[in-house]
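Colleague: Quick one: sequence plus predicted model below, questions after.
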Amino acid sequence: MTKPTMYSYIYEQPVKLAQILENYPQQFKNLPDLTQTKEWLILGTGSSINAAKSAKIYIEKQANVRIEIEEPFNFQHYEKSNPQLDLILGISQSGQSTSTIDAIKKLRAQNTAPSIAVTSITGSEITAETDVTLDIGCGRERVGYVTLGFSATVLTLMLFGLHLGVKKGLITFEEEAAELADFKEIIQTIERSLAQSEHFFEMYRDEFKTAPRFTTVAYGPAVGTAKEMETKFSETVRVPSQGIELEAFMHGPYLEVNPEHRIFFLEVPSPNLEKEQLLKAYEQKCTDFIYTITTEKTTAERTLSLDISVDEFKAPLILMIPLQILAWLIAKEKNIDLTKRIYTDFAQQVKSKTQVQDYV
């Protein structure tokens, strides 16, 4: 059997995500009645919290809930929980993130709200601390750079929000069918998007290879994508990388931009698109290395056009795909061997995982 890599998991996404969608709504059959829930807390770190941020606004829109998303370590030791909290979700793809597990333990000692472990490993440690488990349906991802698991988590959470909206009577069966058709169309474009992304890399190979710094700017639901870019590029490309919300970038971080800075702008249909385009036009005066990833159809220079009709609430499901493949290809171009594990004792030394990770 060929040893899996980050690259191979990226290319598994069209099939795996299609399977997750096909399983709808069976993956939610074991969940309790959540139709009265309104105040949610989601705990997670790394790609898990980025996935939650990517799905948050879609869930809130479909299920009419309010979601707080917290880093579990800081939440456990310093934060106060919402007294109206009526649902707890702990996201850990491996099911072995100690901070998420510990925060859930503390919460459940103080709160009677139902709790759900969102994971790809049923029977893992986190599932012992929650009432029920929601399997994200991608199986064990045996590399340290999560790609498939991120996308599977985003899709599963969005479908969860959709299903609950139907159960609450907020969404008609016709509207549900239309949403599912949109998800199917997005998934069907992933293979094409991967080919487009590889071509985009070839066009700007030298610029990406020599980049001293990367920033991604986004707004709305795509901010979760920008934060996942920060995580993925830091892990793989290993130069300073930042994902930041549009308005936050305008209040300080814009001052660090120099002629060598590489900036990605994520663009989706939105009333806020005009403001991002104003920012992009300004930054094009400061550096030549401005790139755009858009869901729209365009032939604009330095632009990766995904050419898919999708609203901004579901756009995070497709926007991260190009950044995943760019992370792999840029690392490879820089002669960074992502199949060679580094800092193999890290999780045990700093107690971030409950077990040695089964990575290849």
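Modeller: Received, thanks.
Colleague: Need the residue closest to the centroid of this structure.
Modeller: Geometric centre of the chain, nearest residue: residue 51, 3.1 Å, by CA atoms, centre = their mean.
Colleague: Enumerate every residue touching residue 66.
Modeller: 38, 39, 40, 60 (CB atoms under 8 Å, 6 or more residues apart in numbering). (Each C-beta comes from the backbone N, C-alpha and C, glycine too.)
Colleague: Determine which two of the residues you listed are furthest apart.
Modeller: Across those, no pair lies farther apart than 39 and 60, at 11.2 Å, counting by CB to CB.
Colleague: Which strands and helices lie in contact with the longest helix anywhere in the chain?
Modeller: Looking across the chain with DSSP state H, the single longest helix is helix 148-167. Judged by 3 or more CB pairs under 8 Å, 6 or more residues apart in numbering; DSSP states H and E, helix 148-167 is in contact with helix 6-22, helix 46-63, strand 115-119, helix 173-188, helix 316-333.
Colleague: contacting residues around the closest residue to residue 164 other than its chain neighbours?
Modeller: Among residues not flanking residue 164 along the chain, residue 63 sits closest, at 4.2 Å (CB to CB, 6 or more residues apart in numbering). Contacts for residue 63 (CB under 8 Å, 6+ apart) come out as 161, 162, 164, 165, 168, 170.
Colleague: ok, so what distance separates the first one from residue 191?
Modeller: It stands for residue 161. Note on residue 161: its distance to residue 191, by CB to CB, to the nearest Å, is 26 Å.
Colleague: where are the low-confidence patches of the stretch 201-350 of the chain?
Modeller: Scanning the stretch 201-350 of the chain for pLDDT under 70 picks out 344, 346-348.
Colleague: what's around residue 41, how many residues?
Modeller: For residue 41, the count of nearby residues is 24 (other CB atoms under 10 Å).
Colleague: For residue 54, grab the count of nearby residues.
Modeller: For residue 54, the tally of surrounding residues (other CB under 10 Å) stands at 31.
Colleague: Go ahead and confirm residue 231 touches residue 48.
Modeller: No: counting by CB atoms under 8 Å, residue 231 stays clear of residue 48, with 10.1 Å between them.
Colleague: Look at the closest residue to residue 54 other than its chain neighbours and tell me its secondary structure.
Modeller: Leaving aside its chain neighbours, residue 54 sits nearest to residue 224 (3.1 Å; criterion: CB to CB, 6+ apart). Judged by DSSP: H, G, I helix; E, B strand; the rest coil, the three-state class of residue 224 is helix.
Colleague: list the contacts for residue 224?
Modeller: Residues near residue 224 by CB under 8 Å, 6+ apart: 50, 51, 52, 53, 54, 55, 56, 154, 316.
Colleague: Run through the residues that contact residue 317.
Modeller: Counting by CB under 8 Å, 6+ apart, residue 317 makes contact with 17, 54, 151, 154, 155, 158, 183, 186, 187.
Colleague: and it, how far is that from residue 27?
Modeller: Distance of residue 317 to residue 27, given as CB to CB: 16 Å.
Colleague: returning to that earlier point: now, of the contacts of residue 66, which are buried?
Modeller: Neighbour counting with 16 or more other CB atoms under 10 Å marks 39, 40 as buried within the contacts of residue 66.
Colleague: picking up where we left off before, same list (the helices and strands packed on helix 148-167) but as CSV, adding distance to residue 91.
Modeller: Formatted as CSV, the helices and strands packed on helix 148-167 follow (distance: least, CB to CB, whole Å):
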stretch, distance to residue 91
helix 6-22, 15
helix 46-63, 4
strand 115-119, 4
helix 173-188, 20
helix 316-333, 15
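Colleague: what's the helix or strand for residue 192?
Modeller: helix 190-203 (DSSP states H and E).
Colleague: helices or strands up against that helix?
Modeller: Using 3+ CB pairs under 8 Å, 6+ apart as the contact test, the elements touching helix 190-203 are helix 6-22, strand 303-305, helix 316-333.
Colleague: Apply 10 Å and report the result again.
Modeller: On a contact count with 3 or more CB pairs under 10 Å, 6 or more residues apart in numbering; DSSP states H and E, helix 190-203 meets helix 6-22, helix 205-209, strand 290-294, strand 303-305, helix 316-333.
Colleague: which residues sit in contact with residue 33?
Modeller: 114, 167 (CB atoms under 10 Å, 6 or more residues apart in numbering).
Colleague: so it, which of the three states?
Modeller: Per three-state DSSP, residue 33 ends up coil.
Colleague: now it: how far from residue 234?
Modeller: Residue 33 is 41 Å from residue 234, by CB to CB.
Colleague: Could you report the neighbour count for the closest residue to residue 198 other than its chain neighbours?
Modeller: The shortest distance from residue 198 to any non-neighbouring residue, by CB to CB, 6+ apart, is to residue 325 (6.3 Å). For residue 325, the count of nearby residues is 23 (other CB under 10 Å).
Colleague: before we move on, what about residue 7?
Modeller: Under the neighbour criterion other CB under 10 Å, residue 7 is assigned a count of 19.
Colleague: Might one say that residue 28 is in contact with residue 159?
Modeller: Yes: using CB atoms under 10 Å, residue 28 makes contact with residue 159 at a distance of 7.8 Å.
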